[in-house]
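[1] could you look at this predicted model? Sequence included:
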Amino acid sequence: MNAPIPNLTHWAERCDLAAAFRWTARLNMHEAVANHFSLAVNDDGTRFLMNPNGRHFSRIRASALLEIDANDPATLSRPDAPDPTAWGLHGAIHRAVPHARCVMHVHSIHATVLASLADSRLPPIDQNCAMFYDRVVIDDGYGGMAFEAEGARCATMLTDPKVKTMIMGNHGVLIIGTTVADTFNRLYYFERAAETYIRALQTGRPLRVLPDAVAEKTAREWEAYPTGPAEHLAELRAILDAEASDYAS
């Protein structure tokens with residue numbers, strides 16, 4: 001990992017977040033220069049790091065991440081102002097949902113297909129889908145792009161600490177978590193689960209849906225598993241260190 005740049009705080013967190021951006025691009029889960037990730041860096045969650053406006057995920061560097069105050073009404077007037085929908089959505093969540101330390105929003109293909117169905121539920125048809133059993137909220141009230149009013153509306157749906165995934169109807173997916181590793185791991189597995197479900201639907205054959213008790217048991221086993229998110233991110237960073245170490249610059 002490259003040395004921290006003087007006068008930049010939260011260097012380890014910046015590098016983790018930059019790595020998540022880079023790997024999301026490698027997985028083709030990004031969209032042009034849209035979509036945003038953020039990470040709280042103070043105790044109440046109202047100061048957060050976020051990607052700069054108009055920067056492709058594959059070019060994000062730790063040093064380029066903005067530090068933003070969710071309570072600063074002049075944010076969109078600063079010279080390096082974030083995308084207004086990023087401010088509207090992420091600012092509202094960091095302001096109103098303190099346990100949402102990290103927020104990742106994408107329009108990844110399979111999650112967005114799921115969000116486009118009249119019934120956007122993800123049934124527990126395999127182990128990955130079961131990770132999300134009874135831990136998802138579906139927003140079926142899409143009201144347009146995520147400027148401040150729409151962002152504030154979405155934030156009200158994330159107050160239950162058990163819910164860490166929002167299927168944003170007609171829009172995409174939003175994941176919250178405690179760390180970059182925790183949140184990115186959930187984002188990765190949600191896209192995998194959505195792909196499995198969409199491909200299963202395409203067969204036109206009956207689905208093998210797990211019983212509720214087994215799905216809940218499996219979800220809890222995922223939550224208690226001794227390894228996972230931290231190791232996942234560490235391995236991704238090891239690959240980036242070898243192949244594209246400028247993410248940590």
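    Good, I have the coordinates. Remember, it's a predicted structure, so these values are computed and weren't measured experimentally. Numbers count the residues shown, from 1 in each chain.

[2] for the record, mean pLDDT for the host helix or strand of T85?
    Element membership for T85, per DSSP states H and E: helix 84-86. For helix 84-86, mean pLDDT rounds to 96.

[3] and for that helix, what's in contact with it?
    H36, S38, M50, N51, N53, L76, M145, A146, F147, G151 (CB atoms under 8 Å, 6 or more residues apart in numbering). For every residue, glycine as well, the C-beta is placed using N, CA and C.

[4] can you get me a residue count around the last one?
    Which is G151. 22 (other CB atoms under 10 Å).

[5] swap in D134?
    Residues near D134, counting by other CB under 10 Å, number 12.

[6] now swap in P4 and tell me
    17.

[7] might one say that it is in contact with E13?
    No. Using CB atoms under 8 Å, P4 makes no contact with E13, being 11.2 Å away.

[8] centroid-nearest residue for the protein?
    By CA atoms, centre = their mean, the chain has its centre lying nearest to M104, at 2.1 Å.

[9] which element is it on?
    Assigned by DSSP H and E, M104 belongs to strand 102-106.

[10] so how far is that strand from its chain's centroid?
    Centre-to-centre, strand 102-106 and its host chain are 3 Å apart (CA atoms, centre = their mean, to the nearest Å).

[11] the helix or strand harbouring C154: which residues count as buried?
    Element membership for C154, per DSSP H and E: helix 148-155. By neighbour count on 16 or more other CB atoms under 10 Å, the buried set for helix 148-155 is E150, G151, A152, R153, C154, A155.

[12] quick check: the gap between the residue lying closest to M168 once chain neighbours are set aside and Y188.
    Nearest residue to M168 in three dimensions, chain neighbours excluded: D139, at 5.1 Å (CB to CB, 6 or more residues apart in numbering). From D139 across to Y188, the span is 21 Å (CB to CB, to the nearest Å).

[13] could you measure from the residue nearest to M168 over to F48?
    Distance, D139 to F48, using CB to CB: 21 Å.

[14] between these two, which has more neighbouring residues?
    F48 (27 against 19).

[15] surely the more buried one is within a strand?
    Yes. Assessed by DSSP: H, G, I helix; E, B strand; the rest coil, F48 belongs to a strand.

[16] bridged to it, which residues?
    Judged by DSSP bridges, the bridge partners of F48 are A40, I68.

[17] am I right that it is in contact with I68?
    Yes. At 5.7 Å, F48 counts as touching I68 under the criterion of CB under 8 Å.
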